[in-house]
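A.B. asks: got a sequence here, can you build the structure:
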Amino acid sequence: MKYCLFVVCAIVAVFYVPGVFAYDLNTMVDDALQQLPSTIDKVGGIKTIAITTFEYGKDIDIKNVEEKVSRKIAKTGKFTVVDRKALDVLLKEQTLSLTGVTEVGEMKKVGKLLSVDAFLFGKVTTSVDEVIVDLELKDVSTGGLIWAEEFRGEDPSKSSLGVGIRIGTYSADSQLYVSSAGDKGWFNLQEKSKAMQIAFLFHFVQRMQFSKNFSFGVDAIFSRGDWSITRFDDSIFNSTYTLLAVQKVNDYNLTLIPLIRMGIDPIVLYGGAGLSANYVELTGTYRLKKTDGSFDTGEISYHNWPLNPGNFAYKFGMEVKFTKQYSMFFESYYLPSMTMKFDDVDTKIAPEYTVKSGTYYGFGAKYYFFNF
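C.D. replies: Numbers count the residues shown, from 1 in each chain. Just a heads-up that it's a prediction; the model follows:
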């Protein structure tokens with residue numbers, strides 16, 4: 001029941017939690033314009049630039065991007081940016097306006113009046129959790145496009161939550177310890193080498209404020225393995241005894257791994273180490289009897305839930321983001337050796353279940369449903 005509740009909560013969150021919350025738009029614009037000076041510095045043949053009034057999307061409640069762009073360009077030391085206040089006064093006196101200056105004739109007229117070489121046009125919009133600043137630099141005399149660039153900015157303190165699923169491999173085995181009449185030994189019931197494992201992920205990412213290239217993440221990985229084992233009337237101890245074993249193992253694993261993430265979308269590399277715990281449910285029926293009929297335990301039913309609380313685990317991988325919400329990943333992960341020793345069914349039969357340590361591989365997909 002508790003696992004069903006977890007799944008229901010995750011589904012509700014995916015469909016009902018908004019994808020975008022109130023970001024600091026000024027901070028996002030500053031983030032977008034970080035690369036403006038180095039990008040526009042490559043433009044040659046232009047000395048004086050006039051900045052037009054930008055277009056703003058309906059969801060943009062700030063109107064000062066022109067001033068931010070002007071300061072960024074002026075800091076290059078390569079261009080002279082016409083003072084906007086003086087520019088507005090001059091245009092008002094001449095009953096002219098920079099807004100909507102797109103035709104060559106009008107551009108030449110205003111450009112000559114202002115003694116500028118180029119006009120900078122801009123548009124500011126949002127997309128999911130980004131601000132997009134589109135800039136175009138046009139030659140005054142020809143109206144031709146000299147330079148154009150798109151700048152995207154995020155909130156440097158942005159965090160994301162997401163869910164995912166991974167299909168991968170693991171190895172395990174199940175044994176019985178049997179002793180009777182002085183004979184004792186382990187009998188391997190079944191071994192799974194490189195068996196398939198399905199894991200569900202709850203993923204948190206916090207962007208590092210000092211760099212776009214780094215972020216911090218935490219993966220909570222929940223997996224469940226169902227394993228049925230049947231061994232009917234096997235001869236053991238030199239055929240002196242026969243053993244019946246019917247087992248169903250439900251293996252619940254929870255792994256918590258902090259991650260360091262490096263890279264710029266769409267490709268991010270990540271790695272980290274954490275702890276892994278297993279909670280195993282074993283339901284079984286066993287019977288040990290001597291072939292001459294002198295000894296017979298009869299069928300013994302058994303049910304138990306042991307816990308292995310903490311073991312070292314790590315993983316490394318690569319995530320490819322197709323959109324801000326959807327991504328796919330490939331990773332290698334280390335599963336520690338975990339042995340569950342069950343209480344004796346009776347004094348002669350003791351089950352044991354072991355997840356084998358090793359480095360395994362898997363791939364999957366994530367959906368980031370919550371940004372804040």
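A.B. asks: which SSE is the closest residue to residue 54 other than its chain neighbours in?
C.D. replies: Nearest residue to residue 54 in three dimensions, chain neighbours excluded: residue 122, at 3.8 Å (C-beta to C-beta, 6 or more residues apart in numbering). C-beta: built from backbone N, CA, C; applies to glycine. Secondary structure from DSSP states H and E places residue 122 in strand 118-127.
A.B. asks: partners of that strand in the sheet?
C.D. replies: If you go by DSSP bridges, strand 118-127 pairs up with strand 48-51 (parallel), strand 55-56 (parallel), strand 130-139 (antiparallel).
A.B. asks: which of the residues in that strand are buried?
C.D. replies: By 16 or more other C-beta atoms under 10 Å, the buried positions in strand 118-127 come out as 118-124, 126.
A.B. asks: returning to that earlier point: need the strands paired with strand 118-127 in a markdown table with mean pLDDT and distance to residue 92, can you?
C.D. replies: Output for the strands paired with strand 118-127, formatted as a markdown table (pLDDT from 0 to 100; distance: least, C-beta to C-beta, whole Å):
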| stretch | mean pLDDT | distance to residue 92 |
| --- | --- | --- |
| strand 48-51 | 90 | 15 |
| strand 55-56 | 91 | 21 |
| strand 130-139 | 92 | 23 |
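A.B. asks: on that earlier part again, so the residue nearest to residue 54 makes contact with residue 55?
C.D. replies: Yes. The pair residue 122 and residue 55 qualifies as a contact (C-beta atoms under 8 Å) at a distance of 7.2 Å.
A.B. asks: who's in contact with the helix or strand harbouring residue 340?
C.D. replies: Using DSSP H and E, the element containing residue 340 is strand 338-341. Identification of contacts with strand 338-341 by C-beta atoms under 8 Å, 6 or more residues apart in numbering yields 276, 278, 280, 282, 306, 308, 311, 350, 352-355.
A.B. asks: same thing but 7 Å
C.D. replies: The contact list for strand 338-341 (C-beta atoms under 7 Å, 6 or more residues apart in numbering) reads 278, 280, 306, 308, 311, 352-355.
A.B. asks: which among those end up buried?
C.D. replies: Among the contacts of strand 338-341, those scoring as buried are 278, 280, 308, 311, 352-355 (criterion: 16+ other C-beta under 10 Å).
A.B. asks: which two of the residues you listed have the greatest separation?
C.D. replies: 311 and 352 (16.5 Å; C-beta to C-beta).
A.B. asks: and among the strands paired with strand 118-127, the most buried is which?
C.D. replies: strand 48-51 (a mean of 22; mean count of other C-beta atoms under 10 Å).
A.B. asks: rewinding a little: can you dump the C-alpha coordinates of the strand holding residue 340 into PDB?
C.D. replies: What follows is strand 338-341, C-alpha atoms only, in PDB (Å, rounded to 0.1, in the frame of the first residue of the first chain):
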ATOM      1  CA  MET A 338      24.400  -7.500   0.200                       C
ATOM      2  CA  THR A 339      23.700 -10.800   2.000                       C
ATOM      3  CA  MET A 340      20.400 -11.400   3.700                       C
ATOM      4  CA  LYS A 341      20.700 -14.200   6.200                       C
END
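A.B. asks: between the buried ones among the contacts of strand 338-341, which sits nearest residue 130?
C.D. replies: residue 311 (39.9 Å).
A.B. asks: report the contact partners of the closest one.
C.D. replies: Neighbours of residue 311 in contact, by C-beta under 7 Å, 6+ apart: 275-276, 336, 338.
A.B. asks: redo that, cut-off 6 Å
C.D. replies: By C-beta atoms under 6 Å, 6 or more residues apart in numbering, the contact set of residue 311 is 276, 336, 338.
A.B. asks: the first one - how many residues pack around it?
C.D. replies: Pointing back at residue 276 there. Neighbour count of residue 276, defined by other C-beta atoms under 10 Å: 24.
A.B. asks: okay, and the beta partners of it?
C.D. replies: Under the criterion used (DSSP bridges), residue 276 bridges to residue 255, residue 311.
A.B. asks: distance of it from residue 256?
C.D. replies: Residue 276 sits 8 Å away from residue 256, going by C-beta to C-beta, to the nearest Å.
A.B. asks: residue 62 too?
C.D. replies: From residue 62 across to residue 256, the span is 40 Å (C-beta to C-beta).
A.B. asks: pLDDT at residue 35, what is it?
C.D. replies: Looking at residue 35, its pLDDT reads 88.
A.B. asks: tell me the secondary structure for it?
C.D. replies: helix (DSSP: H, G, I helix; E, B strand; the rest coil).
A.B. asks: how far does stretch 328-341 stretch from one end to the other?
C.D. replies: Using C-alpha to C-alpha, to the nearest Å, one end of stretch 328-341 lies 37 Å from the other.
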